[in-house]
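>>> Here's my sequence, what's the structure:
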Amino acid sequence: MFISRPAAAQGTWESQMLRSILKGSPVVLSVIAAACISPSPARGQNPAGKNSQSSTAVCSVDEPSFDPATDVNGIANYKRWVSRLLRQRKFDELECIAQSARANKTRFSGGEWKIHKFYVGLEEPNPGMHSTEHDWKTHLALLQQWSDAKPGSITPRTALAGAYSDYGWFARGGGYADTVSDSGWQLLQTRMRKSENILNEVSSFKDVEWFVIMEHVARGEQWPMDRAVDLVQKAIAFEPGYFYYQRVFATFLLPKWYGQAGDTSHFIAASADVFPLAQRDGIYFLIAMDVMCACDEPELKNLSWARLLHGYKQVERQYGASMNNLNSLALMAVKFNDPPDAYDALQKIGDDWDSSVWGTQEYFEHIKDWTATVGQLQDEYRAIRKIAEGNRQTPQGDQYGKIADQIFAGILLSTCSSKAQDIHEKFDMYLKIGGMGNVTGVIFGPDDPQKLIGCLMGRLVVPRPGQPSQLAPPPSADYWLQVHVDPAPVQASVR
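Numbers count the residues shown, from 1 in each chain. Okay, the predicted model is just below:
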């Protein structure tokens, strides 16, 4: 979705206040910390407090298998199943499923909360498909009918509030602000107010999803920053592990909404860092998933790729595998220009691509082709390194290699010293040597100093006129040689 930041969100006082919060002042961070060290309801207890309708968390509804560990459409199919139950007016079954998921804090493999996906399945008439105005009116009428049939339950009212919020975005559309008609803005506000009113009517009960929907209302209604911060504080205190609160607020802080560059990444890091070490990067990954998109989202680059990669592994260890998480990881690797990790993830994905991650199959296939090409080069690089390093382990190869090391050291000092002064670590190059000692190929790692290598190879491959190759004939033709390059003597000489 490409949406510009609303003009009303550009107040200087808001930005200053936000910066003080995110840089460690006591407002948000202290609340997050206090919430995360407070005891959560035990497994099997109802975290929604007054919404408890039954002392048991067991539901007898025969639920089909939805396993995101093996099926990339597992969660999407779960949402469609919940939506279908609503269309069939199976209100008792819906109540039972929600109560069980809420009380047990049930998660899908990969860490997504089932109660959240339950409500997402009821936000729109046909999850994942285009809906008409008629579809919306029918959908809202069904949710109202459920609410009337279950006057003591918060579940249908929370679902109805979520639907009105989504209905507002349906009227607005997903384009930039200047593409939205006056009637679109008016309908957005009208439907957001309806959603907020429904939530306020049941505010004394509160479901975990109550706060998520109210956060969406806050974005749609362009709440002042202090009010939005107060809401997310209360949400995190209510259920610290429900990472959707941080997800939605991280989006709220994007520059195209109410924040500035760096606000979202600082908030994600601060939110994750209050969790135990074994969960910290996993939470970081789960919150950041909504910031990552197939579009150009500059704020993504302010995140730590190392933490995201480690976080994915933490989530998998704690909650199991997820094809949806794996798709997100692959796109993150692409965005952070890490072809090897992208290639490895895509090999596991196969044809199970996630449309919510990649957008189109065309883009997914393009990335697969790109990483396959890079992956093939990586395989060749590893194979050549193995051969060259094996050659260097033999007595004859080691003697030949030491002579080559000395030749490169001389070139380094005499010709390429200016390009070596800022390089502090040793590195290796791998040369293919012809039968007469001529260099016919070279490979090096992506992080090695390319300008310095270019200077070294230019002097060696193109010697001065009339000079023979500086390398002696190798032990055999087309010989792969590992050369050790040490810039330290150059740095010592210029001190």
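>>> List the residues that contact the spatially most central residue of the chain.
Centroid-nearest residue in the chain, with CA atoms, centre = their mean: residue 289, separated by 3.2 Å. For residue 289, the contact set (CB atoms under 8 Å, 6 or more residues apart in numbering) comprises 247, 325, 328. From N, CA and C alone the C-beta is placed, and that goes for glycine too.
>>> How is the last one classified with respect to secondary structure?
Taking DSSP: H, G, I helix; E, B strand; the rest coil as the rule, one finds residue 328 in the helix state.
>>> ok, it - contacts?
Per CB under 8 Å, 6+ apart, neighbours of residue 328: 289, 292, 354, 357.
>>> Can you get me a residue count around residue 472?
Residues lying near residue 472 (other CB atoms under 10 Å) number 14.
>>> Ok, residue 298 next?
Residues near residue 298, counting by other CB under 10 Å: 10.
>>> Same question for stretch 90-97: list its buried residues.
By neighbour count on 16 or more other CB atoms under 10 Å, the buried set for stretch 90-97 is 90-91, 93-97.
>>> all helices for the stretch 51-200 of the chain, in order.
Taking DSSP state H, counting those that start in this stretch as the criterion, the stretch 51-200 of the chain contains helices spanning 74-87, 91-104, 114-120, 133-149, 155-172, 182-201.
>>> could you say what helices and strands the shortest one packs with?
What it means is helix 114-120. Packing partners of helix 114-120 (3 or more CB pairs under 8 Å, 6 or more residues apart in numbering; DSSP states H and E): helix 74-87, helix 91-104, helix 155-172, helix 208-220.
>>> do that again at 6 Å, thanks
helix 74-87, helix 91-104 (3 or more CB pairs under 6 Å, 6 or more residues apart in numbering; DSSP states H and E).
>>> chain center to it: distance?
Helix 114-120 sits 20 Å away from the centroid of its parent chain (CA atoms, centre = their mean, to the nearest Å).
>>> okay, that helix in PDB with CA atoms only?
The C-alpha trace of helix 114-120 is given here as PDB (Å, rounded to 0.1, in the frame of the first residue of the first chain):
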ATOM      1  CA  LYS A 114      -4.700 -18.000  16.300                       C
ATOM      2  CA  ILE A 115      -7.100 -15.500  17.900                       C
ATOM      3  CA  HIS A 116      -5.600 -12.700  15.800                       C
ATOM      4  CA  LYS A 117      -6.000 -14.600  12.600                       C
ATOM      5  CA  PHE A 118      -9.600 -15.500  13.700                       C
ATOM      6  CA  TYR A 119     -10.500 -11.800  13.800                       C
ATOM      7  CA  VAL A 120      -8.600 -11.000  10.600                       C
END
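>>> Redo the helices of the stretch 51-200 of the chain as a markdown table? Include mean pLDDT.
Formatted as a markdown table, the helices of the stretch 51-200 of the chain follow (pLDDT from 0 to 100):
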| stretch | mean pLDDT |
| --- | --- |
| helix 74-87 | 96 |
| helix 91-104 | 95 |
| helix 114-120 | 97 |
| helix 133-149 | 95 |
| helix 155-172 | 88 |
| helix 182-201 | 86 |
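>>> sorry, back to before: where's the residue nearest to the centre of the chain relative to residue 261, distance?
Relative to residue 261, residue 289 is positioned 20 Å away (CB to CB, to the nearest Å).
>>> do residue 412 as well
40 Å.
>>> ditto for residue 121
In this view, residue 121 and residue 261 are 34 Å apart by CB to CB.
>>> One more: residue 92?
The gap separating residue 92 from residue 261 is 49 Å, by CB to CB.
>>> on that earlier part again, among residue 121 and residue 261, which residue is more densely surrounded?
Taking neighbours as other CB under 10 Å, residue 121 and residue 261 compare with residue 121 leading, 24 against 12.
>>> now the more buried one: how far from residue 432?
Distance check for residue 121 against residue 432: by CB to CB, it reads 58 Å.
>>> Give me the domain ranges for the protein.
Using automatic domain parsing, the domain ranges for the chain come out as 7-332, 333-383, 394-493.
>>> so of the ones you listed, which one's packed in deepest?
Mean neighbours per residue, mean count of other CB atoms under 10 Å, is largest over these for domain 7-332, with a mean of 19.
>>> Give me the spatial nearest neighbour of residue 450, chain neighbours excluded.
Sequence neighbours aside, residue 444 is the residue nearest to residue 450 in space, at 7.6 Å (criterion: CB to CB, 6 or more residues apart in numbering).
>>> isn't that neighbour right up against residue 427?
No: between residue 444 and residue 427 there is no contact under CB atoms under 6 Å: 7.4 Å.
>>> Just give me how far stretch 300-311 sits from the chain centre.
Chain-centre distance of stretch 300-311: 8 Å, with CA atoms, centre = their mean.
>>> returning to that earlier point: please report how far the residue nearest to residue 450 lies from residue 208.
Taking CB to CB, one finds residue 444 at 52 Å from residue 208.
>>> Could you do residue 162 as well?
12 Å.
>>> Next: residue 226.
24 Å.
>>> swap in residue 131?
From residue 131 over to residue 208 (counting by CB to CB), the distance is 26 Å.
>>> Would you mind listing where the stretch 301-450 of the chain has pLDDT under the threshold?
For the stretch 301-450 of the chain, residues meeting the criterion pLDDT under 70 lie at 446.
>>> Let's have the helices of the stretch 51-200 of the chain in CSV, adding distance to residue 215.
Shown next, in CSV, are these (distance: least, CB to CB, whole Å):
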stretch, distance to residue 215
helix 74-87, 20
helix 91-104, 18
helix 114-120, 13
helix 133-149, 20
helix 155-172, 10
helix 182-201, 11
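>>> between those, which one is nearest to residue 273?
Among the helices of the stretch 51-200 of the chain, the nearest to residue 273 by CB to CB is helix 114-120 (23.0 Å).
>>> Now do that closest one: everything it contacts.
Residues outside helix 114-120 that contact it (CB atoms under 6 Å, 6 or more residues apart in numbering): 75, 78-79, 82, 98, 101-102, 106, 159, 162, 209, 244.
>>> and the two most separated of those residues?
106 and 162 (19.0 Å).
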